[in-house]
Structures are given as C-alpha cells and as structure tokens.
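> Provided below are the primary sequence and the corresponding predicted coordinates.
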Amino acid sequence: MEVIYNREYDKVPVKLWTEYDKLELSTKEQIGNLQMLPFAFHHVAIMPDCHSGYGMPIGGVLATKGVVIPNAVGVDIGCGMSAVKTSLKAEQLDKETLKKIMSKIREVVPVGFAHHKQYQPDSNMPNGNIITSSWNLNKKHIVDKEYESALKQLGTLGGGNHFIEIQKDTDNNIWIMIHTGSRNLGYKVAKYYNDLAIELNERWFSQVPKKWELAFLPIETQEAKDYMNEMQYCVDFALANRKLMMDRILFDCIEPSLKSNYVFNLTEDYEKIINIAHNYASWENHFGENVIVHRKGATLARQGTIGIIPGSQGTKSYIVKGLGNKESFESCSHGAGRKMGRKEACRQLNLEEEIKKLDDQGIVHGIRNQSNLEEAVGAYKDIISVMENQADLVSILVELSPLAVIKGD
C-alpha cells in the first residue's frame, strides 16, 4: 500500500494498492479531486485495477460525511458478479458442446442494447410486485416510471465489459460466471439523480466545481433519501437479473446441449449463489464513524466475505475471501482493470494476435473484427499482478480458467 498527499492543501490522503506513478494523468486528477472534497472522510482508497471513470475513478472507494454522490456510484448501479459451481466436470464439455451451449445462450439471453420482446415474470423482480404496493403510485420515482420497461430488461446481459463465462477450477469442476448490472433501469436512476444534484449544487453555489463531475446530495434531504432507496432497488434488480440469466443458462442452454441424458444435479453452492456488487453506496462504520461508503468498481472485502474477481477473457478469475483490511474500507478490486481505453484498444491492438491468445488456449470466444478488440485480453491489466497487489485485502479460495465466453456486444 502506498500513501501519498498529492498537494499540500489536500483534505485527506490517498492510499493506493497500485503504483501511483503508473496511473494516467486523468486518473491522478480525479483522485486529487476526491481528496479535496470538503466532506471526504479519513482517506481515499484506490484499488489495483484503478482507471479513469466519470468524476470518480473506477476502482475507487470514497467515504463521505453527510452526503451521497450519485456519480461516485456510476450509471450501472448494482453492477456486479455472480458465480455458481455446478456438478459438471470439464471432460463433459468438449469444444463442440461448448459452441452449441454458447449458441443457445445467445438465443436465450439478449446482449448489447437488446431487451426481451415479452415482459418477464413479475415474480422475478425484487420482492415480486413490491413497487405497486409500497411505492407512490403517482409515478414520482424513476423506478415506478421504468418498472414496465425493466420487466423486458430482466434477464439480459448488456454491452461493454459485461460477460457470461463457462469456466473450470483446478479440480475440473465447471463454474458459470456472469458480470452485468441494472441495465437501463439503473442508468435512468443514476442520470436523474446526478442531474438533480448538479441543478441543486448550482442553486446552492456549491464549492465543489462542476467540472469535477461530483455533484452531491446532502443525506438529510428528501432527494438523497429517494436516491438511496432507488439505488438499492437497482442493486436488487441487478441481482435478480443475474439470477434469471443463471437459471436459463443452466437449464435452457447447458442441460439440453449435453450429449448424454444428463440431468443437472446442482451442488449446494448453487443454493448459495455467490453474488457481489461493485457499484453502490451504503451506510457503514469505519474508524469509529458512521459514513457513506461509495464503491465504484470496487468490491466489499469484509472479513470472511466471499467475493469474485474476474480477469479479462482469456485470463484467470478468482473466488476470494475478504480479509477485512480497514485501510481499504474493507474493499478490494472488482477485476483486472483496463490499461487501454476502448478506442485506444481498437486502434493499437493486433486482431490476429489477440485471437491467437484465445485460440491457443482452446477458448470459445467471439472476437471476430477490430471493434471487438475493446474487450480483448491486451486491453486489460495483468490479473496476476493485480491479485499480488491486494494480497492484504483478500485470500484466494478458487482459481478459475475460462473455457468459453460471451461478451456484451
């Protein structure tokens, strides 16, 4: 861990689990802005997968006193990981079967901007039909307004770095891992409250410059309370989204594709699906104070918490146990982290070389053209180094290697 003050007049220090000198200038500037926030608490924590985001770096952890910052959570509220260990063994999935499974997944799970054409069962939404019974019926809240649309988003992957992977552990057990979030529902909630915060901050002549993109809501205001409630609903929706996809992948895609008359006998791990979000804010107690901890591309690593840290497609992923390190606000990285922006990756990476990296490992993948390079292995940091840098934050329980991957288009 590296501890630095960027400027003499910073309010709090920054503690990093990466090398500060190797960070891009825009990331350093965003870190400096966080340090100077008048309501920043104790210190800013930066995880080893850190890179630039909107307002706050991805891989950043910020604790605040008295305010919540929508942009310190981001637009994909509740984005996170789910993983399930199955009773299958790797030898049961040859390349032909894997290709068949991935083809079926693409039929069942819409990717990119695509949604289901039909409303998905209301019972799969968080707490069933809770919105119509416990929220205002005057369509005041964004979740209310977007609820019907969300019923078509449920069970969809999205785009960018979201993915579905079939993996194997070191004992050849097959795992399914999903990375996705709250889809357009979370985006609409995030945008509404960030825009509202900007408007209110201008009205209040806030000392936080608008160009920092860190507009805030005082936690005692109704606007902040509404945001916290709607944000939590989006976190729950993101989990429901991943659960529905997991069910369909297992029972509608994998089971019918197996060559033998195999019936899924899920292990106990499925009943205890591993789920961890990495874009949210929550009330927590740290260093003797109740504060709001914002994790943007960072994962809870409280003592004993089971989490997931994925690599990039073509590299290992990990099931981990949190060590409860107080200096990181009990957090760890949410993945490998980008070392290239999307456009930069498409310009600089070699298509043939990136395809070869995956083909040489026998991984079923979808890299076909230059535009797919934004999610290529070469666009990401080395996951081995990332894990070494946070050895004091988590311990590794399971090491997973990819067999087949679908990326969001």
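Received it, and whenever you're ready, just let me know what you need. Here the structure is a predicted model, which is why all the values come from computation and not from measurement.

> now Met47: how far from Trp204?
Going from Met47 to Trp204 by C-beta to C-beta, to the nearest Å gives 32 Å. Where you see a C-beta, it was placed from the backbone N, CA and C, and this is true even at glycine.

> The two: which is more packed in?
Shown here are Met47 and Trp204; by other C-beta atoms under 10 Å, Met47 has more neighbours (31 against 11).

> The more buried one and Glu330 touch, don't they?
No: counting by C-beta atoms under 8 Å, Met47 stays clear of Glu330, with 12.0 Å between them.

> Please state the offset of the longest strand belonging to the chain from the chain centre?
Ranked by number of residues, the top strand in the chain under DSSP state E is strand 394-407. Offset of strand 394-407 from its chain centre (C-alpha atoms, centre = their mean, to the nearest Å): 15 Å.

> Point out the other helices and strands that it packs with.
helix 95-108, strand 163-169, strand 173-180, strand 306-309, strand 317-322 (3 or more C-beta pairs under 8 Å, 6 or more residues apart in numbering; DSSP states H and E).

> I'd like to know which of the ones you listed lies nearest to Gly66.
Among the helices and strands packed on strand 394-407, the nearest to Gly66 by C-beta to C-beta is strand 317-322 (27.0 Å).

> From the contact counts, what lies against the closest one?
strand 306-309, helix 383-389, strand 394-407.

> and with 7 Å instead?
strand 306-309, strand 394-407 (3 or more C-beta pairs under 7 Å, 6 or more residues apart in numbering; DSSP states H and E).

> Please work out which of those is packed deepest.
Mean neighbour count (mean count of other C-beta atoms under 10 Å) peaks for strand 306-309 among the helices and strands packed on strand 317-322, with a mean of 24.

> hey, where'd the helices end up in this structure?
25-35, 95-108, 130-134, 142-153, 183-203, 222-248, 255-257, 268-271, 342-348, 351-359, 383-389 (DSSP state H).

> For these, which has the smallest mean pLDDT value?
Per-stretch mean pLDDT for these is lowest at helix 130-134 (a mean of 42).

> so Gly159 makes contact with Gly408?
Yes: judged on C-beta atoms under 7 Å, Gly159 makes contact with Gly408 at a distance of 3.7 Å.

> which residues do those two both contact?
Common neighbours of Gly159 and Gly408 (criterion: C-beta atoms under 7 Å, 6 or more residues apart in numbering): 111-112.

> higher neighbour count, these two?
Set Gly159 next to Gly408 and count neighbours by other C-beta under 10 Å: Gly408 wins out with 19 against 14.

> quick one: contacts for the more buried one?
Gly408 neighbours (C-beta under 7 Å, 6+ apart): 111-112, 157-160, 162-163.

> export those residues to TSV and tack on distance to His286 and pLDDT?
TSV is the format used below for those (distance: C-beta to C-beta, whole Å; pLDDT from 0 to 100):
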residue	distance to His286	pLDDT
Val111	38	94
Gly112	38	90
Leu157	34	96
Gly158	32	93
Gly159	34	90
Gly160	31	85
His162	30	94
Phe163	32	94
